[in-house]
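Q: Below are the sequence and a predicted model; questions follow.
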Amino acid sequence: MRRHPIIQMVVIGAIASAIGIALALWIDWFPADAAKQGHPIDTLYDVLMIVSVPIFVLVLTVILYSVWAFRMRPGQELEDGPPIHGNTRLEVFWTAIPAILLVSLCSYAYAVLNDIETKHADELVVKVQAVQFAWTFSYPQAGGRAVTSTQLYLPKDKPVRFDIQTKDVLHDFWVPAFRVKIDAVPGITTRLRATPTRLGTFPVVCAELCGLGHSVMRSTAHVVSPAAFNRWLADQQAPAQNAGGGEARQLSQQQLLALGRETFTGDGGCGACHTLGDAGTTGTTGPDLDRVLRGQSEDAIRTDIVDPNARIAPGYAANIMPPTFEQTLSAQQLDGLVAYLATVSK
Amino acid sequence: MTAKLRVPGWYRAGLFTVLGIAFAWLLVGVVRSAMHFPNAWDDGDAITIVSLIAAPLFFLVGIGCFDYWFYWVSGRATRAEDHSSHGATSWKDYFRVNTDHKVIGIQYVCTSFFFLFVGGLLAMLMRAELAQPGMQFVNSQQFNGLFSVHAALLIFLFVIPVFAGLANFVIPLMIGAPDMAFPRLNALSFWMLPLAGTMMVLSFFAPGGSFATGWTAYAPLSTEAPIGQMFFTIGVQFAGASSIATALNFLVTIITMRAPGMSFFRMPLLVWANFSTSLLVVIATPFIAASQFFVLLDRALGFQFFDAFVGAGKDGSVLMYQHVFWFYSHPAVYIMMLPGFGIISEVLSVKARKPIFGYRMMAFSLIAIVVLGFTVWAHHMFVSGMQSWIRIPMMITTAIIAVPTGIKIFSWLATLWRGVLHLDTPMLFALGFLTTFTCGGISGVMLAMIPFDIHVSDTYFIVAHIHYVLFGGSLFTIFAGVYYWFPKMTGRMYDERLGKLHFWATFVFFNLTFAPMHVIGVQGMPRRVADYAEQFAGMNLAISIASFLLGLSMLVFLYNMIVSWRLGPRASANPWRALTLEWQVSSPPPIFNFDAVPTVVGGPYEYGIPGAVHGIFQSPAEAKPTPAGSVATSPTTE
């Protein structure tokens, strides 16, 4: 009779734990798993859930059972419970078991950490430069100028080392699909390793509060086949060799406007911070372009893009808009953008 | 009128505040002129910063909690502390400087709850903005301001001081003391709080908007921020000074003013909890003061503590800010939790009608948390770019600190076992706390695991975890404590039905608000963003709706408290049949707490032992150590 309730609780607890664990494993918690680092972390999470659920169920079961079995019934208003002051064996038990469990989990986590941070001999080095509120990725080339891009391109199955720096405040380079992140810290270079394993495009997110445009400081990681990656690298180097200005003139006005609009609305483009009716964007970090650009000349618009601090719209502060667009946009993109903005704001 | 301006009070405080601002203007003008700086007499930034420091100090002198020395220096009669101001006869007495710990306790609690409601409203505005992707109601500056002020108010102006307030009222009564050890210091500690809170709220009206760098105010974002940042940097100094002074006061009171017979191991666990908390406060709080002074010096005087772009002669360290900041701010989590543990121990023992299971382990685990609490700070910095080896020992200590916490949870469960559970409002909040805090504790252990933490750092998973610990943990214990001591503090009973309604509404909508945040965090939604990816839209809408209902549930509490305080039925001296000393005097207690000094003859939780008492109102010579058969005699009869 005395043991009966405990057996009941163990049975109910075991069933509830099983359901809880099944649910925890069934729910698709993580975003797409696109790097070698993903699987060990996801497994660690599953293990943590398998350990945590029974502990939570234990606490909940004891509370619910106590409420049901020991609640005050009419007539018990002045009664007290038995004066039990403690039980040394029980107390040693619930000190030792959690301690052992936690140290084991730490050891496992340590192993996972070593696994995901392994160095490789043939790493591709990508320099990540953070600035309020944009990312720049550069790929050092042996004996040549580094290739620079605002989009992150990575070859599949190649270990990558990111060397991360910032030009202003703290940022945090995070690709949720890779599961790894690290702060960009003024004054030092931080390092992060990942090996992309899945083709596709994945968001790059700034995870450390960096100011007004924090929520729009995003880019895209494109994981492509090694051949496609090499092609992309070559393409990026090409314009630098044959002075891209000539090519821009070949674009028709129509194409130029289309390119400008695409640049404006694209990932991490102007629209993230600026409202512009024609492009359908509603950002509020920077001035409303429908308003401030009305009747501006192409030259003035160009200056506003490449040297944003030259003049500041009333009510907005300096140093919010990145001063780096002359470097991060191609000459064609910049021409397109200027043409597009001048056209829509007439 | 001039007479009113000469005596301590609001008129003189107003006059002195103006004098403080004038002093700041004069000081800035003279110094800038002497240094041949431009805009000597109209540099708004400099005048504001110096005013923020000077005006509150002048205000404190004016209102009368910092003026004794000035009377003495000027050769005028000083006001002897004759305790003539003790007690409060009308609500107006709560708006005056008072040295009675019971009045100060209520001042603390009411002020803190005022800031809870302000902070909660800011959260509602945030959830309104986040209900849909894109920007609808506020701009980025306002949004960043909302979450920064929300967190700063609720941490520094609500959770920390409300515990100090409850303890202020209860602790001297619990240990059989007539008051705190330093009553004037106690009043000074309280009056710094509304100043700090007002400063933080006023930052919304500063040019450039309120401080918007989070409550963490990470450099160098904070050292380059508009002037609103300084309202936080300096406000925290006042809140911190208040906290340190109160903690010292508690330590001295607890060590030196216990009633005869009350050894350390006869102290109620709430006293133990506040003793441990006070140790944490006096050791840790100077660190956040230092971190904010560095920011102040960087921002105002161009020091280069955190200007780290080496090469231009700048060799500051950005990581140093985070280390100094978290060396306080991790222990701060325990500052915000240990007093709650104490409250839960009181409530569970009385409401389960059983002694606390494993009293000594409960006390030792508090001390273990204090010690371990200082060894885990860098787990907030696993992705900060610090030396990578530090992460390993910090992971282990972080996991191990769950052991003493676990001891407490399991001991509370064992306290429930075979008790006679009175399921009224304080007990419901205590049981609710056990479930939600266990969730928060478990997600804390998960976050200690570095690889998982690397993924979810700075995401909504963190937001969920911190709210499970500080809302499901601290706030639930605060509600339990407020309902539990409401009869003692006000002399009236609260409405039990409304109390239960409040509990169920809060419990349900709390979980509906914060549990889904774990999911969107793991899926990749970063925190502190005004706008987010389309994929999180559905969840965020659900969270926003639940949070509004959670906000509404607080109105039930507010209504219950106000109406019951005015019109509730009179409370008897000991409605819960508790043994601890505060329940052995009338409700509300006499002005000097005890008409006869109590003598403690047994443990605080001897429920179930027929005739056991904790303290008796006889002189130590007459008191017999045997509890059997003796009956507590109350100094006030009905």
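A: Yep, that arrived.
Q: From now on I want contacts and neighbour counts done on CA atoms only, so please keep to that.
A: Noted.
Q: where's residue B:215 relative to residue B:343, distance?
A: Residue B:215 sits 27 Å away from residue B:343, going by Cα to Cα, to the nearest Å.
Q: Kindly apply the preceding question to residue B:529 instead.
A: Using Cα to Cα, residue B:529 is found at 35 Å from residue B:343.
Q: Look at those two and report which has more neighbours.
A: residue B:343 (28 against 23; other Cα atoms under 10 Å in any protein chain shown).
Q: Isn't the more buried one up against residue B:482?
A: No: contact criterion Cα atoms under 8 Å: residue B:343 and residue B:482 do not qualify, at 9.6 Å.
Q: Can you give me the domain assignment for chain A?
A: Chain A breaks down by automatic domain parsing into domains covering A:4-65+A:92-116, A:124-241, A:245-344.
Q: Please tabulate these in TSV, including the columns distance to chain B and mean pLDDT.
A: Putting these into TSV (distance: least, Cα to the nearest Cα, whole Å; pLDDT from 0 to 100) gives the following:
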stretch	distance to chain B	mean pLDDT
domain A:4-65+A:92-116	5	93
domain A:124-241	5	91
domain A:245-344	6	79
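Q: Among these, which comes closest to residue B:371?
A: Checking those against residue B:371 by Cα to Cα gives domain A:4-65+A:92-116 as the closest, at 16.7 Å.
Q: Find out how far that closest one is from the centre of the chain, if you would.
A: For domain A:4-65+A:92-116, the distance from its own C-alpha centre to the chain's C-alpha centre is 26 Å (Cα atoms, centre = their mean, to the nearest Å).
Q: Next, the distance between the ends of that domain.
A: 48 Å.
Q: which residues touch residue B:42?
A: Each residue near residue B:42 by Cα atoms under 8 Å, 6 or more residues apart in numbering or on different chains is listed here: residue B:29.
Q: That one in helix, strand or coil?
A: Secondary structure assignment for residue B:42 (DSSP: H, G, I helix; E, B strand; the rest coil): coil.
Q: how far away is it from residue B:206?
A: 16 Å.
Q: swap in residue B:442?
A: The gap separating residue B:442 from residue B:206 is 41 Å, by Cα to Cα.
Q: swap in residue A:220?
A: Distance from residue A:220 to residue B:206, by Cα to Cα: 37 Å.
Q: More neighbours: residue B:442 and residue B:206, which one.
A: Shown here are residue B:442 and residue B:206; by other Cα under 10 Å, residue B:442 has more neighbours (21 against 17).
Q: so where does that one fall, helix or strand?
A: Residue B:442 is located in helix B:425-448, with elements delineated by DSSP states H and E.
Q: Show the low-confidence segments of the stretch 51-200 of chain B, by residue range.
A: Regions of the stretch 51-200 of chain B meeting the criterion pLDDT under 70 cover residues B:81-82.
Q: The closest residue to residue B:373 other than its chain neighbours in helix, strand or coil?
A: Excluding the flanking residues, the one nearest residue B:373 by Cα to Cα, 6 or more residues apart in numbering or on different chains is residue B:331, at 5.4 Å. State at residue B:331, reduced to three classes by three-state DSSP: helix.
Q: Likewise for residue A:284?
A: Classification of residue A:284 by three-state DSSP places it in coil.
Q: likewise the one 10 residues further on?
A: Following three-state DSSP, the label given to residue A:294 is coil.
Q: For chain B, give me the ranges with low pLDDT.
A: Applying pLDDT under 70 to chain B flags residues B:81-82, B:310-314, B:619-638.
Q: Spatially central residue for it, please.
A: Closest residue to the average C-alpha location of chain B: residue B:160 at 1.1 Å, with Cα atoms, centre = their mean.
Q: Wait, it touches residue B:335, no?
A: Yes: judged on Cα under 8 Å, residue B:160 makes contact with residue B:335 at a distance of 6.9 Å.
Q: picking that back up, compute the number of surrounding residues for the residue nearest to residue B:373.
A: 26.
Q: which of the residues in stretch B:383-397 are buried?
A: For stretch B:383-397, the neighbour count (16 or more other Cα atoms under 10 Å in any protein chain shown) marks B:383-386, B:391-392, B:394-397 as buried.
Q: how about residue B:274, what does it touch?
A: Counting by Cα under 8 Å, 6+ apart, residue B:274 touches B:167, B:250, B:338-339, B:342.
Q: Would you show me how to pick out the buried ones of those in ChimeraX?
A: Command for ChimeraX that selects the buried part of these, burial taken from 16+ other Cα under 10 Å:
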select /B:167,250,338,339,342
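Q: which residue packs closest to residue 12, ignoring adjacent ones?
A: Just going to use chain A. Among residues not flanking residue A:12 along the chain, residue A:61 sits closest, at 7.9 Å (Cα to Cα, 6+ apart).
Q: try chain B instead
A: Nearest residue to residue B:12 in three dimensions, chain neighbours excluded: residue B:5, at 4.5 Å (Cα to Cα, 6+ apart).
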